[in-house]
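**Student:** Could you look at this predicted model? Sequence included:
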Amino acid sequence: PKAFPLLSPPNALHPTVSSRMHGVLACVFSMQTKTISESLLIAILTLGVFGIINTEMGVVGIIPQIAERFDVTVSTSALCVSVFALVVSVAAPVLPLLFSGINRRTMMLAALILFVASNILSMVTDSFAVLLAARALPAFLHPVYVAMAFTLAAAATKDDPSRGIARVFVGVSAGMVLGVPMTTFVTTHWSYEAAIGIFAVINTVVLVATFFLVPNMPAKQHNPGHQLRVLKKPSLWLGVSAFTCINGAMFGFFSFMSDFLHEVSAFSFDAVSSVLLAYGFANIVGNMLAGRVFGRYKKLFTRVGPAMMLVLYSLLYVFAPNGIFAAVLVVLLGICAGFINISGQYMISSAAREAPDFSNGLFLTAANFGTAMGTSLCGIFISLMDSRAALFATGILLIVSLVLSYARTTAGSADYEKVCRACPT
């Protein structure tokens, strides 16, 4: 495999790497010589992101089992998703910049240690309050680890940083494609403790690999002041608000999808795992399709996307009792979600192309705050009516997002290709 020499000159980096990354890597390249295989480094980073996404989203598939184990309602057990997402949404635009002066490897190790401790505590506790605390604490370092993983991945593929970043994104997709159904399967056939234990094992493996294989990365403090100026732009706030509602609709319902499919569509838990797996793969297909055509029709997809989702969720409400139709609609929703994610990135990053790091943080904030808001709103409707009523909350959020998305696309935008070059993540 291709070697990744850490003493390569920083000016060999692809010009799309941000100035912040350039400063970090300049420190890396000044260290003593240390070489690591590019494929091995990318594998460590990908597995690390996979473990973190697993910890965040893996519990989505076992909300009913968590409710039963801790003797709480299904809507209360969904706090395991919304609390984590809410913390990430607050930390995402702030902590990566605040910790920019600390050794990158040290912060990565700290994040992994916190995630392992969280997994172990979640596995052994009998208190739901302790479980929520164990979920909330590592969420603060979630965006820090992910940001640093992308920095290393870009450095490992100096000829094309976006290639390394895209490969690390496999960890994100795998966390959705494999993590949720895997957790559901293990919990159904073994136990909740076994499923959480898998999270702990994955994060421990990455922790050990990071300690022995990832080099020190002394960092320079980055002044975020100039990036904060983009907050004055109305178009940015419209983009953030629109994607918050869209993601809230998608992941608010997704948090209860396993319960919905089990209670309304009468799927067994094994069948639920299969449908969730199909949804995840469909999401990847949607991303691939969007990558080919979104750049040519970005305004159209940005406006039509929420409407398509609204139609599909409405059909799901009507045909949910029919298992085959329900499964087909879930797969179609997964494909649409792939387009929606790119639309959300476009709405936010194109409004703040001069501040790519900060806009990335705002994108992550919008995604996670939307997840927390959507999960809570869907939980309220479920507690007032039934599992099927979660789709009412989804519909409300999508209607609001339709208005905001249209307003965003009429408020001015930057060329999408230029945005992508300025913001490779």
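**Tutor:** Okay, I see it.

**Student:** ok, residue 365 - how many residues close by?
**Tutor:** Residue 365 has 22 neighbouring residues, counting by other C-beta atoms under 10 Å. Backbone N, C-alpha and C define where each C-beta goes, glycine included.

**Student:** hang on, isn't it packed against residue 87?
**Tutor:** No - the pair residue 365 / residue 87 is not scored as a contact, 10.8 Å apart, by C-beta atoms under 8 Å.

**Student:** The longest helix that the chain contains packs against which elements?
**Tutor:** The residue-count maximum for a helix in the chain (DSSP state H) belongs to helix 356-384. Counting by 3 or more C-beta pairs under 8 Å, 6 or more residues apart in numbering; DSSP states H and E, the packing neighbours recorded for helix 356-384 are helix 74-77, helix 79-91, helix 95-98, helix 142-156, helix 234-254, helix 323-349, helix 390-409.

**Student:** which parts of it are buried?
**Tutor:** Judged by neighbour count using 16 or more other C-beta atoms under 10 Å, the buried positions of helix 356-384 are 356-379, 381-382.

**Student:** just to revisit the earlier point, quick one: closest of the helices and strands packed on helix 356-384 to residue 207.
**Tutor:** Closest approach to residue 207 among the helices and strands packed on helix 356-384 is made by helix 142-156 (11.1 Å; C-beta to C-beta).

**Student:** about what we covered before: distance between the longest helix of the chain and the chain's centre?
**Tutor:** Distance of helix 356-384 from its chain centroid, counting by C-alpha atoms, centre = their mean, to the nearest Å, is 11 Å.

**Student:** pLDDT (mean, whole number) over it?
**Tutor:** For helix 356-384, mean pLDDT rounds to 82.

**Student:** Then stretch 133-147?
**Tutor:** Across stretch 133-147, pLDDT averages out at 87.

**Student:** which residues touch that stretch?
**Tutor:** Here stretch 133-147 makes contact (C-beta atoms under 8 Å, 6 or more residues apart in numbering) with 48-49, 52, 55-56, 80, 83-85, 87-88, 91-92, 95-96, 99, 107-108, 110-112, 114-115, 117-118, 121-122, 125, 360-361, 364.

**Student:** Can you give me the neighbour number for the residue nearest to residue 76 when sequence neighbours are not counted?
**Tutor:** Using C-beta to C-beta, 6 or more residues apart in numbering and skipping residues adjacent in sequence, the residue nearest residue 76 is residue 67, 7.0 Å away. For residue 67, the count of nearby residues is 19 (other C-beta under 10 Å).

**Student:** All further residue positions should be reported with the first residue as 429.
**Tutor:** That works, and once the first residue is 429, the last one we named lands at residue 495.

**Student:** pretty sure residue 495 is in contact with residue 508, am I right?
**Tutor:** No - in terms of C-beta under 8 Å, residue 495 does not count as a neighbour of residue 508; the distance is 9.7 Å.

**Student:** And residue 774, how far from residue 727?
**Tutor:** 9 Å (C-beta to C-beta, to the nearest Å).

**Student:** Next up, the contacts around residue 772.
**Tutor:** By C-beta under 8 Å, 6+ apart, residue 772 lies in contact with 667, 670-671, 674-675, 791, 794-795.

**Student:** Tell me the one of these nearest residue 820?
**Tutor:** residue 674 (16.5 Å).

**Student:** Is the closest one in contact with residue 822, as I believe?
**Tutor:** No - assessed by C-beta under 8 Å, residue 674 is found out of contact with residue 822, at 10.3 Å.

**Student:** Now list whatever residues contact both of residue 495 and residue 508.
**Tutor:** By C-beta under 8 Å, 6+ apart, residue 495 and residue 508 have no common neighbours.

**Student:** Tell me which residues touch the residue nearest to residue 736 when sequence neighbours are not counted, please.
**Tutor:** Of all residues not flanking residue 736 in the chain, residue 764 sits nearest, at 5.5 Å (C-beta to C-beta, 6+ apart). Applying C-beta under 8 Å, 6+ apart to residue 764 gives the contacts 714, 733, 736-737, 740.

**Student:** Among the residues you listed, which ones are in helices?
**Tutor:** Counted as lying in helices by DSSP H, out of those, are 714, 733, 736-737, 740.

**Student:** Columns pLDDT on top of these, output as a markdown table?
**Tutor:** Below are the ones in helices among the contacts of residue 764 laid out as a markdown table (pLDDT from 0 to 100):
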| residue | pLDDT |
| --- | --- |
| 714 | 80 |
| 733 | 87 |
| 736 | 92 |
| 737 | 92 |
| 740 | 94 |
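
**Student:** If I look at residue 583, what pLDDT would I see?
**Tutor:** On the pLDDT scale, residue 583 is placed at 66.

**Student:** before we move on, what about residue 469?
**Tutor:** Looking at residue 469, the pLDDT reads 76.

**Student:** what secondary structure does it sit in?
**Tutor:** Classification of residue 469 using DSSP: H, G, I helix; E, B strand; the rest coil returns helix.
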